[in-house]
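A.B. asks: could you work out the structure for the sequence below:
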Amino acid sequence: MSRSKWKGAYISSKLLESFNKTKKNHQTLVVPRNCEIVPKFVGSTFKIHNGKSYSEITVVDEMIGHKFGEFAPTRVRFFFKKKKLKK
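C.D. replies: Numbers count the residues shown, from 1 in each chain. A predicted model of the protein is given here:
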């Protein structure tokens with residue numbers, strides 16, 4: 001279920017405060033997965049936790065309106081292991 005439009009995009013207040021401080025220093029921020037990407041973040045680099053490690057993502061224009069969690073997959077893609085040939 002999506003968030004209602006009259007509430008606006010969800011962005012944590014701590015994220016906005018720290019973004020304004022670190023924007024001058026060009027540091028990467030650790031961002032919660034449920035925050036929405038706004039035009040203010042374009043060109044910045046963020047770290048998103050996928051449950052095991054942090055993946056570093058640079059925000060582009062096409063990402064606006066999506067959530068940060070969409071760009072850090074939490075599950076490994078399944079594939080069959082190749083069998084060794086017997087001699």
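A.B. asks: how much space separates Ile11 from Lys81?
C.D. replies: Using CB to CB, to the nearest Å, we find Ile11 at a distance of 42 Å from Lys81. No exception for glycine: its C-beta is placed from N, CA and C like everyone else's.
A.B. asks: those two - which one has more neighbours?
C.D. replies: Ile11 (18 against 5; other CB atoms under 10 Å).
A.B. asks: list the contacts for the more buried one?
C.D. replies: Cys35, Glu36, Val38 (CB atoms under 8 Å, 6 or more residues apart in numbering).
A.B. asks: please name the residues that touch the second one.
C.D. replies: Translated: Glu36. Glu36 touches Ala9, Tyr10, Ile11, Gly65, His66, Lys67, Phe68, counting by CB under 8 Å, 6+ apart.
A.B. asks: average pLDDT for stretch 3-18?
C.D. replies: If you average the pLDDT over stretch 3-18, you get 83.
A.B. asks: now swap in stretch 71-87 and tell me
C.D. replies: Mean pLDDT, stretch 71-87: 85.
A.B. asks: could you tell me the end-to-end distance of it?
C.D. replies: Start-to-end span of stretch 71-87 (CA to CA, to the nearest Å) is 44 Å.
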